[in-house]
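# Quick check, what structure comes out for this input:
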Amino acid sequence: MKKIYKKRFLNKLIILTVLLLAPITSSAEVGDKKWTKECAKDNKKSCLIAIKHIVDIPDSDKKQTLATAIIQLGSTTERKMDLVDGEEKTYKLKEENKLVPVLTVRFPLNVDLKKQPLIQIDKKNVLNIPFTHCNAKEGCVTQIAINDEVIKLFKSGKELTLAMGVYRSKDNMIINLPLKGFSKAYDSLLN
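Model prediction:
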């Protein structure tokens, strides 16, 4: 039980770090055809990669963003015991900063907050993401720290599917996003 609590706490800490250190970027610059990298104007080290899903508004020439998927790098501190002297069996606590990718997905308002959205890659279930908050500017936001295995799935996949519940409806809304350009965009975050 302590391990589960510790892991949840660590995820929340990583996400909080990303929220506090990284600027909230509007999705105006983010495209809908392939993953793109965006950096803060005043801080080139504060970057993210993203893609959005756009739909036409009926009887209008305007478009609306239904979902935006974002990956940013957060950091966490890992503590490890390093052997200093084998004979005397003395150890030293060593701290290492480690970059952790954080997946954020922004959904429209009126989603069912009781159902965690499902993330699929090429129709294979990958994970569910918990909601963090909803507001009029960003919609309903989900965030989770992801590992290298999930990044490998993103890199090798062709399509990212977001399945979410709709408030007071038994049907789910399905949004498909291409994974075109993901590998190049993600690798550029690390450099």
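# Distance of the most far-flung residue of the chain relative to its centre relative to Lys94?
Here the chain reaches farthest from its C-alpha mean at Glu87, the gap being 45.6 Å by C-alpha atoms, centre = their mean. According to C-beta to C-beta, to the nearest Å, Glu87 stands 20 Å off from Lys94. Glycine gets a C-beta too; all of them are placed from N, C-alpha and C.
# go on, Gln64?
50 Å.
# again with Thr104
31 Å.
# Val141 too?
35 Å.
# More neighbours: the two, which one.
Higher neighbour count among Val141 and Lys94: Val141, with 18 against 11, using other C-beta atoms under 10 Å.
# quick one, what contacts the residue nearest the centre of the chain?
Nearest to the mean C-alpha position of the chain, by C-alpha atoms, centre = their mean, lies Leu103 at 0.7 Å. Applying C-beta atoms under 8 Å, 6 or more residues apart in numbering, one finds that Leu103 lies in contact with 69-71, 119, 129, 143-146, 150.
# Of the residues you listed, which is the nearest to Ser183?
Ile71 (12.0 Å; C-beta to C-beta).
# tally of neighbours for the closest one?
Going by other C-beta under 10 Å, the residues that sit close to Ile71 add up to 23.
# repeat for Lys63
Neighbour tally, Lys63, other C-beta under 10 Å: 11.
# List the beta-bridge partners for it.
Counting by DSSP bridges, Lys63 is bridged to Asp56.
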